[in-house]
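Peer 1: sharing a sequence plus its predicted fold:
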Amino acid sequence: MSERASTPARPPGLPRPGRCVVVGVLNVTPDSFSDGGRFDDRDAAVAHGVAMRDAGADLVDVGGESTRPGAGRVEPDVEADRVLPVVRELVAEGVRVSIDTTRAAVAERAVAAGAAVVNDVSGGLADPRMAAVVAQARVPWVLMHWRGPSATMNRLAGYEDVLGEVRAELVARVDAAVLAGVDPSLLVLDPGIGFAKTAAHNWALLRRLDVLTALGFPVLVGASRKRFLGELLAGADGALRPPAGRDGATAAISALAAHSGAWGVRVHDVGSTMDAIAVTTAWGLGASRA
Ligand SMILES: Nc1nc2ncc(COP(=O)(O)O)nc2c(=O)[nH]1
């Protein structure tokens, strides 16, 4: 994408509720860092997805492969077997679903099952066929900043200028997607909080979301319950705040991200973020709401 590219028209298929979009996290994996195993059971997963929609989530993001640092890969069939039944049942319940996968085959089958958005933490790097799947399906595609598989990503957190490099690497992903025939209006960018980044890198990216929103694409922020929040909220003994205790900080980030012009936030606890965004909206409207 040239720097002069005009702002793409609004992509079809992306929720645009007139406020920051809330994407509810539904990891149907035994080992995700914050909710691993809780929704490994299909019925429990579907019930939780419906509950997040009822709490206000505009999308429920279904993932079948843990991306926590150090996590190994699961076989494609295992990933598909985890997510497809849940996607189908959520769609049948009228829930708008995004599929959180780096595999084109899984994305293709999830879209065929009714998933409305492809959420690809690899930004198209993990599977060269993903762009063709997205171009063919004409569904929105979240391109997250990524530098390599979870198993090794912490070794890749070396930056001279994290803002400039993340921006440049995301622009390269946009260019590759457009070159592969993807309509740029379908693209969403994501800084990849916690992926090949230290806490300092995460804060630097959050502090200057405008560097990414200025590219003219919707920006999604996924900071929910991540380790850098556990570090921020660590006890006097240095023990990290456990993931379940990070929802207040997550909601604060949701409010600040919304205020910074993010298109959406990806969170585990939908209610607290809905409330935080309601405050942000009211605050932004000032006395006119009185
Ligand atoms: N677009 C996007 N998708 C993601 N999927 C998984 C995780 C890992 O966190 P989880 O284990 O809580 O899902 N983080 C992101 C993220 O930051 N952005």
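Peer 2: All right, it came through fine. Numbers count the residues shown, from 1 in each chain.
Peer 1: get me the contact residues on the stretch 151-290 of the chain for the ligand.
Peer 2: For the stretch 151-290 of the chain, the residues in contact with the ligand (CB under 6 Å from any ligand atom) are 190, 192-193, 220, 222, 224, 266. From N, CA and C alone the C-beta is placed, and that goes for glycine too.
Peer 1: just the ones of the residues you listed in strands?
Peer 2: Of those, the ones assigned to strands by DSSP state E are 190, 220, 266.
Peer 1: let me know the closest of the residues you listed to D161.
Peer 2: D190 (18.9 Å; CB to CB).
Peer 1: number of residues surrounding A282?
Peer 2: 12 (other CB atoms under 10 Å).
Peer 1: and it, how far from the ligand?
Peer 2: Distance, A282 to the ligand, using CB to the nearest ligand atom, to the nearest Å: 27 Å.
Peer 1: now G72
Peer 2: 14 Å.
Peer 1: that residue in helix, strand or coil?
Peer 2: Per DSSP: H, G, I helix; E, B strand; the rest coil, the secondary structure class of G72 is coil.
Peer 1: give me phi/psi at it?
Peer 2: For G72, the backbone dihedrals (degrees, to the nearest 10) come out as phi -80, psi 170.
Peer 1: how about the nearest residue to it, chain neighbours excluded?
Peer 2: With CB to CB, 6 or more residues apart in numbering as the criterion, G72 has its nearest non-adjacent residue at 5.9 Å, and that residue is A151.
Peer 1: show me where the stretch 151-290 of the chain has strands.
Peer 2: Secondary structure of the stretch 151-290 of the chain (DSSP state E, counting those that start in this stretch): strands at 187-190, 220-221, 264-267.
Peer 1: okay if I get these as JSON lines plus mean neighbour count?
Peer 2: Listed next are those as JSON lines, based on neighbours: other CB atoms under 10 Å:
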{"stretch": "strand 187-190", "mean neighbour count": "26"}
{"stretch": "strand 220-221", "mean neighbour count": "28"}
{"stretch": "strand 264-267", "mean neighbour count": "27"}
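Peer 1: okay if I get these as TSV plus mean pLDDT and distance to S98?
Peer 2: Formatted as TSV, those follow (pLDDT from 0 to 100; distance: least, CB to CB, whole Å):
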stretch	mean pLDDT	distance to S98
strand 187-190	98	10
strand 220-221	98	10
strand 264-267	98	9
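Peer 1: report how many residues lie close to the residue nearest to G72.
Peer 2: 12.
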